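Participant: make a model of this:
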Amino acid sequence: MTASTDRNRRPPLNCPVCDQRLTLTRLSCPACDTELSGGFATCEFCVLTNEDRDVLRVFLASRGNMKELERHLGVSYPTARARFDALLGKIGIDRPAAAPSPTRVELMEQVARGEIEVDEALRRLEIS
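Facilitator: Purely as a prediction, here's the structure:
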């Protein structure tokens, strides 16, 4: 196996017998055969696939520009957003649930009460 192939191999995350999360307990140096054993913390990004890491790399390189991520993935903005949100969930960063969007009737009632302008109601309708 070549060195580049070795770098792309990932250890399993869960035990093949009981499906519990595996822990890292041994490290070895390929140059001098030194080995260390014990309980080691794993990286939160270790759960990401190579494809997930590529998405994260593009997002970071574009300084958080979701439109750039959309172009890189060749998908629509909502699909890119959903893909990024799923990636965040994998590393334990869950977005708080968004407040439900007001219905058309609720928006019209807000306009009637003078709480929002017609233009604002139309803008909110385009988003939802």
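
Participant: confidence score at the residue sitting nearest the centre point of the chain?
Facilitator: The chain has L87 as the residue nearest its centroid, 1.8 Å off, counting by CA atoms, centre = their mean. Looking at L87, its pLDDT reads 89.

Participant: secondary structure element for it?
Facilitator: Using DSSP states H and E, L87 maps to helix 77-90.

Participant: how far away is V75 from V105?
Facilitator: From V75 across to V105, the span is 33 Å (CB to CB, to the nearest Å). All C-beta atoms are positioned from the backbone trio N, CA, C, and that covers glycine.

Participant: next, count neighbours for the residue nearest to A121 when sequence neighbours are not counted.
Facilitator: What sits nearest to A121 in space, not counting adjacent residues and going by CB to CB, 6 or more residues apart in numbering, is L107, at 4.4 Å. Around L107 sit 20 other residues, with neighbours defined as other CB atoms under 10 Å.
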